[in-house]
Each structure stands twice: as structure tokens, then as C-alpha cells.
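Student: My questions concern the predicted model and sequence given below.
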Amino acid sequence: MSAEMIIEEDISQIPIDEIDVSNPKLFQQDVIGDYFKRLREEAPVHYCADGHTGPFWSITRFNDIVRVDTDHKNFSSESTLGGIVLDDINQRPEVEDFRLPMFIAMDPPKHDEQRKVVSPIVAPNNLAAMAPIIRERAAGILDSLPVGEEFDWVDKVSIELTTMTLATLFDFPWEERRKLTRWSDIATTSPGHGLVDSWDEWKAELIDCATYFQGLWNERAGGKQGHDLISMLAASPATANMPFNEFLGNLLLLIVGGNDTTRNSITGGVLALNQNPAEYDKLMNDTGLIPNMVSEIIRWQTPLAHMRRTALRDTEVGGKIIREGDKVAMWYLSGNRDSEVIDRADEFLIDRKDARKHLSFGFGIHRCVGNRLAELQLQIIWEEIVKRFRKVEVTGEAERSMSNFIHGFTTMPVILHPH
Amino acid sequence: MPKVTYIEADGATHTVEVASGTTGRDAAIDNDIPGIDGDCGGVCACATCHVYVDPGWIDKVGRAAEGEMEAELLQFAEDFRETSRLACQIEITEALDGLVLNIPTGQH
């Protein structure tokens, strides 16, 4: 990272109205925490008139976030209003002919119908059936890693495990599974962030994705029915006749939801344990802490920094009136550091009491449908890590994603130390 | 103090005594009943305290009101049934002394 890119400003000197927490650089440089702290303390329901992608409200305290998240009657997720991210890709003229509706960006009743089709894939009985497969694959990944030499944990472990799990859910052609990773990355980026140079390129890649899945869909709708997600969507009356862009939208939702999120929690957990050696010791002394640690990692990392809503009518939150049509960001990353609700919120504590009480999965009808699968993957990978290695040592700077939505990492160098 | 009995999916039974006014969710968390997570802290926002009210008790406890948050969340809960409730929305009073709540499979 070049020196001139580093944001060096004294946060306390910025007039509160001028604070723009949607600037992706603040996340990439990992300085966003101080900005959120100031908003929580001084302006927990904050209006920014001149944000990175236009005017928007920030909700930064835990309880206010729960309040907005559970009020879908006043705060819409509808994609035609801008959907669920601040950077409303769907509203850009460049992609006007390429809208991708997905159930996370719908309101009831359509949201409810489509979500119910997808949720059985991550139901307890299916997860129980998947657990041994995930474990075998996690073990395979860890056993293939170089020992005693530096490598990129993000690529070799975090991406690999989540991609394998996703390929299993879709029954996706195994050798081509990295296509899923690519499409996930594309879906959440915009031109100029390193992956694509123009909106046309962006569209072209997603059309490839659509064409590929259309092939799988045709195969499975035509008789080769399995228990995978595509077969489920093809078989259900609520989704069998989805318009094609909606089909692609929902697929991308599941690809991104199952990929970018857990990937970054896998990386973030390793980093957090390295930054808190006493916690790493606790883990190695009592690996029974893993399930609790998994919740704490998900809180600590908060792999999706925010979810956005659009006010359907004038609504009061925390003493402020949010006007009809206004954009609202619920900053989960901030709420998860709210010390009014979470004891010692700025500390990473793997044996934390009430570790499950965090915002990372959201609350209300849009709460993460795959949260149990996420926890399962993290639990398994950590159980397999501690069996093999006394330490996964972070040996250099973890590079962070340039995004106010995906709170994650692009690379993180590590060296493994076996028992 | 009223008593409430939780029955796990595998049949394991836990009877606890709680202060009148405690919610079914808080009583479960305070007594470490497995299978009730109550992730949101008991504010009807996550559906991880899903229970089946014993058929003999459901009329006394009441059903989730249609169109309200509880019913909206319950529709997505795994294996939703006629007697499904969120335990955080059940206040255990003397009138419910002896209440039986069944815990679904795999809420963990």
C-alpha cells in the first residue's frame, strides 16, 4: 500500500455532519472502527448528506439496528428501491437492462415464498448429512498445505473450503468450482476495483455464469433430479418458473452468501487469535471452546459490514425522523462493538458469555438463512486445524478488501507449525 | 413459583421452577436447556427459541397472531407446526404452572 493512500486524519476534528462511514478506503485501511465509535457516542442515528454513493443514514448502535432490521414494514429491502447495499448497483444506468432480483432484496410476500424454497437445503437434517463431507474436505485441504513455508491462507484455505462447500450444495462440476469463487467476487464488485474494467465486462462475466447455470438447470429440470439446490429450485412451484434474471439473482445471492462471508470469518479468526495470543493459548488448552469461539469469531469479523434498507414512510428511529425514500445503513460491524449491549465489546474473547448474541447474521425475516452452515464450516475447520497445528502463525500484513459491504481480506500470509 | 417442563427432541425432560413473569426463552437459557439458543436476547427477532407447545396447553398459551412478527418469523422455522411458538413470547405465570414445551430437532 502506498503512503499517499493512507488516510491520516484526526477523526475528532471532523465535523460530525461530514463523517462518511461509507468510504471503502476506511475499511481497507482498517480505521473504520474509530469512526463508528464516534458515531455511536455522538450521533448513533446519523445523516450523511454527501456520502460516497449519495446521502444516507447510518444506524450504529446494537439496539437501534435490531429495531430497524425487524421493521420490514417500514424499511424495505426491495431491489427496485435500491436493495440491500448502499452502493446500489441495481440503480445504475449502465446495468438498467441487467437487474438481478434476489429474495434477500425483496419484501413479503414474494420474499417469503422464495426463501421457503431455499431454506430446506440448509435444514438440520441436510447439514447433518453434509458435515462428514465438509470434514473430509477440510482435512484434505489442511493435509495438502505446505508446512514451515509461507503461503496465502485466504486462497489456500478460506476460499478453498467455502468453494468446496458451495460446489457440494449446488452439485457443481467439481473441477470447475473456482468459477463459483470468481462469480461471487464479480457479483459484489464494480469496475475499477481490480477485477473488471467496465460494466460491459462485468455483465459479460455474469452472463457466462447465467448460461452455465442454465445448462445445469435444464439438465436437472429435465429429469436428473438430485437433492442439490438447483434441483430444488427447478422442482418447486414457487421458483420453477422464475424469470431468468431472477434465477440468476437468487443463485448469486446463494453464491455470495455462502462464499464471501464464511471465507472472511475463516481468515479473520486466524488473525484475531494471532493478535490475541492469550486467546490462542486458551483455545489450545481447551478445544471444547471451539463452538463458542466460532460465534465470537463471527461477531469479531462481522463479514458483512452493513445491510441497507429504504424507508417506505417517515419513521422515527432513536429520536430522528427518517424520511420516506431515504437510504438507511445498519452497520452490523458497529453494533457488534457496542459496549452498551456487549460486555468488553472491543475485546476478542473466545470464552465470552452470550457469544451468540451478535448482529452478524442480521435479525428479522431476512436473518441469514445459512447461519448454521456457516457455523458448521467454521467449527469443523477449527477442529481439524487444532488437531494438526499448534499454531497458524500470521507472518505479514493481511490485505483487506476495498469495500464497505464485504468486510474481509484479499490475502494473508501464514506459516504452519505442526504439533 | 410455576413449573415448566421442556422436552428435547430425543425425549430428555427438564422440569424447572421459574419466577412468575419469566419468558419461556429466559427460563430455558437460565437453566441451560439444550436446543434453545435465543440468539437475539429474547426480543422476537431470530426464531432460535422455537418450541412446540404441548397440545393440551396451546389454547391456554395462545397462538402466534397472524401478521405479527412472531408469526412472520415462525413461517421460516424448520418444521413449523400448528402449535409452534417462540418461547420468548410466552410469559410463564401461575396460570401456566405445569406448562410443557417441546423442543424441535436441530435448533443448535
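Tutor: Great, that's in hand.
Student: can you give me the helices for the stretch 301-419 of chain A?
Tutor: Here the stretch 301-419 of chain A has its helices, by DSSP state H, counting those that start in this stretch, at A:332-335, A:371-388.
Student: For A:Asp152, find the nearest of the ones you listed.
Tutor: helix A:371-388 (16.1 Å; C-beta to C-beta). In this view, the C-beta of every residue, glycine as well, is placed from N, C-alpha and C.
Student: Show me what counts as buried in the closest one.
Tutor: A:371-382, A:384-386, A:388 (16 or more other C-beta atoms under 10 Å in any protein chain shown).
Student: do stretch A:354-366 as well
Tutor: Here stretch A:354-366 shows A:355-366 as buried, counting by 16+ other C-beta under 10 Å.
Student: now do stretch A:36-50
Tutor: Buried residues in stretch A:36-50 (16+ other C-beta under 10 Å): A:36-40, A:43-48.
Student: What lies in contact with it?
Tutor: Stretch A:36-50 has contacts (C-beta atoms under 8 Å, 6 or more residues apart in numbering or on different chains) with A:11-12, A:16-22, A:55-61, A:64, A:317-320, A:322, A:331, A:333-334, A:337-338.
Student: Just those: which are in strands?
Tutor: A:56-59, A:317, A:320, A:322, A:331 (DSSP state E).
Student: Am I right that A:Glu113 is in contact with A:Ala238?
Tutor: Yes: using C-beta atoms under 8 Å, A:Glu113 is in contact with A:Ala238, at 4.4 Å.
Student: picking up where we left off before, which among the ones in strands among the contacts of stretch A:36-50 gets closest to A:Phe172?
Tutor: A:Trp331 (33.3 Å).
Student: For that closest one, give me its contacts.
Tutor: So A:Trp331 contacts A:21, A:36, A:58-60, A:65, A:305-306 (C-beta under 8 Å, 6+ apart).
Student: how does it look with 6 Å?
Tutor: Contact analysis of A:Trp331 by C-beta atoms under 6 Å, 6 or more residues apart in numbering or on different chains lists A:58, A:60, A:306.
Student: And the last one, what's its pLDDT?
Tutor: In this case it means A:His306. With respect to pLDDT, A:His306 has a value of 97.
Student: Check A:Leu359 too.
Tutor: Reading off the model, A:Leu359 has pLDDT 98.
Student: I'd like the distance between it and A:Ala105.
Tutor: Distance, A:Leu359 to A:Ala105, using C-beta to C-beta, to the nearest Å: 19 Å.
Student: Over to B:Ile7?
Tutor: 39 Å.
Student: same deal with B:Glu17?
Tutor: In terms of C-beta to C-beta, B:Glu17 sits 47 Å off from A:Ala105.
Student: What parts of chain B come near chain A?
Tutor: With the criterion set to C-beta under 6 Å from any C-beta of the partner chain, chain B comes near chain A through B:37, B:39-41, B:45-46, B:72, B:78, B:105-106.
Student: returning to what we had before: now intersect the buried residues of stretch A:36-50 with the helices, please.
Tutor: A:36-40 (DSSP state H).
Student: now, which of those residues sits nearest chain B?
Tutor: Nearest to chain B among those is A:Arg40, at 18.3 Å by C-beta to the nearest C-beta.
Student: gap between the closest residue to chain B within chain A and B:Ala45?
Tutor: Per C-beta to the nearest C-beta, the residue of chain A with the smallest distance to chain B is A:Pro124, at 2.4 Å. Distance, A:Pro124 to B:Ala45, using C-beta to C-beta: 21 Å.
Student: before we move on, what about A:Gly257?
Tutor: Relative to B:Ala45, A:Gly257 is positioned 19 Å away (criterion: C-beta to C-beta).
Student: likewise B:Ala12?
Tutor: For B:Ala12 relative to B:Ala45 (C-beta to C-beta), the value is 28 Å.
Student: What of A:Asn126?
Tutor: For A:Asn126 relative to B:Ala45 (C-beta to C-beta), the value is 25 Å.
Student: quick one, which of the two is more surrounded?
Tutor: The neighbour comparison of A:Asn126 against B:Ala45 (other C-beta atoms under 10 Å in any protein chain shown) goes to B:Ala45, with 22 against 17.
Student: show me what contacts the more buried one?
Tutor: B:Ala45 touches A:66, A:70, A:363-364, counting by C-beta under 6 Å, 6+ apart.
Student: which one of those is nearest A:Ile134?
Tutor: Looking across the contacts of B:Ala45 and measuring by C-beta to C-beta, the closest to A:Ile134 is A:Phe363, at 26.4 Å.
Student: so the nearest residue to the closest one once chain neighbours are set aside, which of the three states?
Tutor: Spatial nearest neighbour of A:Phe363, excluding adjacent residues (C-beta to C-beta, 6 or more residues apart in numbering or on different chains): B:Ala45 at 3.7 Å. For B:Ala45, the assignment made with DSSP: H, G, I helix; E, B strand; the rest coil gives coil.
Student: hmm, back to that, ok, B:Glu17 and A:Ala105, which is more surrounded?
Tutor: A:Ala105 (24 against 11).
Student: What residues does that one make contact with?
Tutor: Contacts of A:Ala105 (C-beta under 6 Å, 6+ apart): A:77, A:79, A:83-84.
Student: likewise B:Ala64?
Tutor: Per C-beta under 6 Å, 6+ apart, neighbours of B:Ala64: B:70-71, B:74, B:85.
Student: For the residues you listed, which single residue is the most surrounded?
Tutor: Busiest of those [other C-beta under 10 Å] is B:Arg85, holding 23 neighbours.
Student: what's the closest of the contacts of A:Trp331 to A:Pro243?
Tutor: Looking across the contacts of A:Trp331 and measuring by C-beta to C-beta, the closest to A:Pro243 is A:His306, at 28.2 Å.
Student: The spatially closest residue to A:Asp351 that is not a sequence neighbour in helix, strand or coil?
Tutor: Of all residues not flanking A:Asp351 in the chain, A:Leu289 sits nearest, at 5.6 Å (C-beta to C-beta, 6+ apart). Under three-state DSSP, A:Leu289 falls in the helix class.
Student: Helices of chain B, residue ranges please.
Tutor: Applying DSSP H to chain B gives helices spanning B:24-30, B:58-61, B:69-74.
Student: most packed of these?
Tutor: Compared across the helices of chain B, helix B:24-30 shows the largest average neighbour count, a mean of 22 (mean count of other C-beta atoms under 10 Å in any protein chain shown).
Student: centre of the chain versus that helix, how much separation?
Tutor: 9 Å (C-alpha atoms, centre = their mean, to the nearest Å).
Student: next one: stretch A:359-378
Tutor: On C-alpha atoms, centre = their mean, the centre of stretch A:359-378 falls 10 Å from that of its chain.
Student: Now do the contacts for the closest residue to chain A within chain B.
Tutor: Across chain B, the shortest distance to chain A (C-beta to the nearest C-beta) belongs to B:Gly106, at 2.4 Å. Contacts for B:Gly106 (C-beta under 6 Å, 6+ apart) come out as A:Pro124.
Student: can you count the residues close to A:Gly83?
Tutor: 27.
Student: From A:Gly257, how far out is the closest residue to it other than its chain neighbours?
Tutor: Distances taken as C-beta to C-beta, 6+ apart place A:Ala105 nearest to A:Gly83, at 3.9 Å, with adjacent residues excluded. Going from A:Ala105 to A:Gly257 by C-beta to C-beta gives 12 Å.
Student: which residues touch the residue nearest in space to the middle of chain B?
Tutor: Centroid-nearest residue in chain B, with C-alpha atoms, centre = their mean: B:Ala87, separated by 2.8 Å. Residues in contact with B:Ala87, defined by C-beta under 6 Å, 6+ apart, are B:24-25, B:49, B:51.
Student: repeat that with 10 Å
Tutor: Neighbouring residues of B:Ala87 by C-beta atoms under 10 Å, 6 or more residues apart in numbering or on different chains: B:4, B:6, B:23-29, B:33, B:36, B:38, B:42, B:48-51, B:53, B:101, B:103.
Student: Counting only strands, which of the residues you listed make the cut?
Tutor: Going by DSSP E, the strands hold B:4, B:6, B:23, B:50-51, B:53, B:101 from those.
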